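Enquirer: Provided below for reference: sequence and predicted model.
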Amino acid sequence: MIIGPASTSGLQRSGGVSFAWDVDPSLAEVLFGPGPRDPDALPLEQWQKEGVLELVKTGRHRTVYRLELPDDPSGASLYIKRYRAADWKARWRRLARGATSRREYRGMVAVADLGVPTAQVVAIGGPLWPGHDRDSWLVTVGVPESRPLDELLSDNDPAIGPALRREVVSQVAEILARLHDGGIWHGDLHAGNFLVQSWDGERPRVVLIDLHPLSRYRPTTARRLKGLARLASAFGSSVTPSERWVFLQKYMEASAAVAFDEVTRREWAATWRPMFCRRRERMWRRMDRHWARGNRRLLIADSAEATCRGLVFLGQRQLEHLRDRLAAVPPPDGTGVPLATGRGAVMTSMLRFDRAANGGSARDAWELGHALWRRGLPVARPWLYVETPRHGVLVVPVPDQAVPLAEWPDHESVERELGILRDRIVRSGVSIDDLGSDQVLVDPENPDRPLLLLPTWTGKPVRTASPKVGPRAAMWLAAVSLAVAGCLSNTRNVAEPPVRHSVQAERFTLLSDVPLKKDHWLIDDLERLERHIVSGLSLPEPSREVVVHVFASRREYESFLASSYPQLPSRRAYFVGTPRRLAVYTFWGDRIQEDLRHEFTHGILHSSLKRVPLWLDEGLAEYFEVVGPKPGGVNTEYSDRLAAAVANGWQPDLERLEQLEHVADMQRVDYEQAWAWVHFLLHGHPRGPEVLRRYLGNLAERPYAGLLGPRIEESIPDADRLLLAYVRKLPTLGHPMVVTPAVGSSAAVSAP
């Protein structure tokens, strides 16, 4: 049943018998100016030209504008809703029921009579009676100092503590209890229907908005539980399980018609839990379909060169700017970029994807991330993605303090939470077959949710006939137990991994579980890289072939490493060098190009030279892994950190680098310094290339040619000072480069 009529006291009516406006006298001239009022009286085009009218959202049946009042010292805004009928069903409903705006206003009056805070209405325009097929209008005053409830609860802002969250959830429960006690049910109630006003040092205030459609029913226990389950499931990942129980208990306590004793609480809890789970599953399926079609929370910014999606609060203009920038020059993986959100800039992290024949993509990760978020799982919710035929970029907000699980020193402290999280993922219908330790982050500052997911695995079951793949649980424990390290030495012969496809290039063989043609862009890239390495460093022709093994999934790759190289830490790629064999192992993932370039560089160096010092081996691999049309691209992540280190007084120490013999002794700054020395020698000084090439030429003739440091000092006096000056001039994250960079995260294993 529709809520009955209500008066428009305080508003002055003008218009005809069928269509009329009811307007607050103090705003009549602001809205209409002098003269009569009619359906087309709101000067929308004029306000748009003046820059005071902004389109908030639009759909088939409703458009919402925000009108700024420049002459109002309070800085208040007006929200204008225009209700339309886009199909015959909607037209029939408004002919039978009357103007939507007047029905919503009557609902707002009824809700306010129950003591529920709601927005102030200042104008209503539309037919006075059913039987008229006309658009209708509703104008309300914006709620100052407020944020949407779903936005507030999903925010990672540390200022929003548990006490504030529980206070807000409790107020929502009180509002719902008042509505139900009054026999009022909202037909589309969700977290976005609530605004939260907050001031420093004061209690927050929750305001209910968007009161359409409302109906009256007798408040039975079954209807109450159904309404509670519906709203609780609509909160999605915004609230924790404990907060949902607070919501249920506060509702029962606030209701004047529900007994609040121990027996009733147990009965309600036992009944409400399965209702909530069923409702949540139905909501997930509905939201998945809705999300796939597109909705008002989603912006589409496709171009001829790229596909692009983003969350609506980023704004169309910012999204299009990012689309063009990221499509042209994709940044290194992990690059931090501030994005405007309407509440200031928020630092986000960028994840790189390279398109694969059967691998994942930025869009797949976007869809998986939002599916996990809708199911209430702790995931870094994607904010936008950009994808071209060659690469893709996904942007996610990640807490600064979060670290990959593989780098977390105390695995036992999160073992229980890890098991619970895995079970929750499986119960939500998402596969964890290829979920690795890189996709799980540990947030030490969030004891309630210490684990955070990166949606960069496929989420689909992996089928494989390989006998080397162990049980899923064993794979997971093996992956978790591995600590992150760099390029380690190993003298063990490795058995051939399972492969199904083979491509023979001029300088290497690629054995893969992924079907690739000989003209595939990845194979072309490795062939060009080999020519760049040999010609750019004046190396002799490689004497041995490098064999590249590409597994179809991370699960197969990690299982092979666990069985064949159990002492190796978990990394995305490895180069294994022995006197008889030069092999690269990796899997088809989102960063395969960078990983292969890094490890393939190790292979070419060890194929051409008698020996390669550890620091120089890693420095050259970091140099050549940077993706671009030719070598020399700047790793802006490294240059940014080095520039910051130089500003804090850091000094290069090549003598220490040359004494390192085991990668376990190399720290991140050592990799960065090794890359900086190689880049400086090849691009920062006119005598640098000759010094490096002559030294490599000596290593091609004999395994021990002394140290490179004294040769640099002899040919380039004061090289340390010149390196510091060179680092200061390199492009950084704040000043992007021209050549596309990439950051590797892989390892090499070599043996005499």
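Expert: Received it, and whenever you're ready, just let me know what you need. Quantities reported herein were computed from a predicted structural model and do not represent experimental measurements.
Enquirer: phi, psi of V337?
Expert: Dihedral angles of V337 (phi, psi; degrees, to the nearest 10) stand at phi -130, psi 130.
Enquirer: My error: substitute P331 in the last question.
Expert: phi -80, psi 170.
Enquirer: Ignoring the adjacent residues along the chain, who's closest to it?
Expert: Excluding its sequence neighbours, the residue lying closest to P331 (Cβ to Cβ, 6 or more residues apart in numbering) is M350, at 5.3 Å. The C-beta positions use only the backbone N, C-alpha and C, and glycine is treated the same way.
Enquirer: Helix, strand or coil: sort out the one you found for me.
Expert: strand (DSSP: H, G, I helix; E, B strand; the rest coil).
Enquirer: Just the pLDDT for it.
Expert: Here, the pLDDT recorded for M350 equals 89.
Enquirer: what's the model's confidence in the biggest helix by length in the chain, averaged?
Expert: Ranked by residue count and defined by DSSP state H, the top helix of the chain is helix 262-293. For helix 262-293, mean pLDDT is 74.
Enquirer: Who are the packing partners of it?
Expert: helix 221-235, helix 241-254, helix 362-374 (3 or more Cβ pairs under 8 Å, 6 or more residues apart in numbering; DSSP states H and E).
Enquirer: and if we set it to 6 Å?
Expert: helix 221-235 (3 or more Cβ pairs under 6 Å, 6 or more residues apart in numbering; DSSP states H and E).
Enquirer: What helix or strand is the residue nearest to E622 when sequence neighbours are not counted located in?
Expert: Distance criterion Cβ to Cβ, 6+ apart; nearest residue to E622, sequence neighbours excluded, is W675 at 4.0 Å. For W675, the host element (DSSP states H and E) is helix 668-683.
Enquirer: any chance you could map the helices in the stretch 651-752 of the chain?
Expert: Secondary structure of the stretch 651-752 of the chain (DSSP state H, counting those that start in this stretch): helices at 654-659, 668-683, 688-701, 708-715, 719-729.
Enquirer: quick one on the thing from earlier: what angle sits between the longest helix of the chain and helix 221-235?
Expert: Inter-element angle recorded for helix 262-293 and helix 221-235: 50 degrees (by axes from the mean of the first three to the mean of the last three Cα atoms, to 10 degrees).
Enquirer: I425 and I432 touch, don't they?
Expert: Yes. Here I425 lies in contact with I432, judged by Cβ atoms under 6 Å, at a distance of 5.4 Å.
Enquirer: Flag the shaky bits of the stretch 451-600 of the chain, pLDDT-wise.
Expert: By pLDDT under 70, the weakly predicted segments of the stretch 451-600 of the chain are 460-499, 566-567, 569.
Enquirer: so where do the strands sit in it?
Expert: Using DSSP state E, counting those that start in this stretch, the strands found in the stretch 451-600 of the chain span residues 451-453, 501-504, 508-512, 546-551, 573-577, 582-587.
Enquirer: Also the stretch 101-250 of the chain?
Expert: Counting by DSSP E, counting those that start in this stretch, the stretch 101-250 of the chain has these strands, from start to end: 121-127, 136-141, 146-148, 184-186, 194-197, 205-208, 214-216.
Enquirer: looking at the ones you listed, which is closest to H683?
Expert: Closest of those to H683 is strand 146-148, at 48.9 Å (criterion: Cβ to Cβ).
Enquirer: packing partners for the closest one?
Expert: strand 194-197.
Enquirer: what about 10 Å?
Expert: For strand 146-148, the elements it packs on are strand 194-197, strand 205-208, judged by 3 or more Cβ pairs under 10 Å, 6 or more residues apart in numbering; DSSP states H and E.
Enquirer: I'd like those strands written out as JSON lines, with mean pLDDT added.
Expert: Shown next, in JSON lines, are these (pLDDT from 0 to 100):
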{"stretch": "strand 194-197", "mean pLDDT": "90"}
{"stretch": "strand 205-208", "mean pLDDT": "92"}
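Enquirer: Out of those, flag the one nearest F313.
Expert: Of all those, it is strand 194-197 that lies closest to F313, at 14.8 Å by Cβ to Cβ.
Enquirer: Partner strands of the closest one, with direction?
Expert: strand 146-148 (antiparallel), strand 205-208 (antiparallel) (DSSP bridges).
Enquirer: how about those in JSON lines, adding distance to F600 and mean neighbour count?
Expert: Shown next, in JSON lines, are the strands paired with strand 194-197 (distance: least, Cβ to Cβ, whole Å; neighbours: other Cβ atoms under 10 Å):
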{"stretch": "strand 146-148", "distance to F600": "49", "mean neighbour count": "18"}
{"stretch": "strand 205-208", "distance to F600": "58", "mean neighbour count": "20"}
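Enquirer: Quick one, which of those strands gets closest to L368.
Expert: Closest to L368 of these, according to Cβ to Cβ: strand 146-148, at 24.7 Å.
Enquirer: Report the rounded mean pLDDT for that closest one.
Expert: In this model, strand 146-148 has a mean pLDDT of 85.
Enquirer: which residues sit against that strand?
Expert: For strand 146-148, the external contacting residues (Cβ atoms under 10 Å, 6 or more residues apart in numbering) are 119, 152-155, 160, 191-198, 204-207, 209, 313, 342-343.
Enquirer: List buried residues within these.
Expert: For the contacts of strand 146-148, a burial check counting by 16 or more other Cβ atoms under 10 Å picks out 119, 152-155, 160, 191-198, 204-207, 209, 313.
Enquirer: Now distance to L454 too, for the strands paired with strand 194-197, in a markdown table please.
Expert: Converted to a markdown table, the strands paired with strand 194-197 look like this (distance: least, Cβ to Cβ, whole Å):
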| stretch | distance to L454 |
| --- | --- |
| strand 146-148 | 26 |
| strand 205-208 | 33 |
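Enquirer: just to revisit the earlier point, mind giving me the packing neighbours of the helix holding W675?
Expert: Counting contacts by 3+ Cβ pairs under 10 Å, 6+ apart, helix 668-683 packs against helix 521-537, helix 614-625, helix 636-647, helix 654-659, helix 688-701, helix 708-715, helix 719-729.
Enquirer: what angle separates the first one from helix 668-683?
Expert: Taking the same axes, to 10 degrees, one finds helix 521-537 and helix 668-683 inclined to each other by 70 degrees.
Enquirer: Deepest in the core, which of the helices and strands packed on helix 668-683 is it.
Expert: helix 614-625 (a mean of 25; mean count of other Cβ atoms under 10 Å).
Enquirer: The residue nearest to E622 reaches G633, doesn't it?
Expert: No. Using Cβ atoms under 10 Å, W675 is not in contact with G633; the gap is 11.3 Å.
Enquirer: So which of the strands of the stretch 101-250 of the chain is nearest V546?
Expert: strand 146-148 (54.9 Å).
Enquirer: Any idea how far that closest one is from the middle of the chain?
Expert: A distance of 22 Å separates the centroid of the chain from that of strand 146-148, by Cα atoms, centre = their mean, to the nearest Å.
Enquirer: returning to what we had before: give me the common contacts of I425 and I432.
Expert: Common neighbours of I425 and I432 (Cβ under 10 Å, 6+ apart) are 457, 459.
Enquirer: Okay then, goodbye and thanks.
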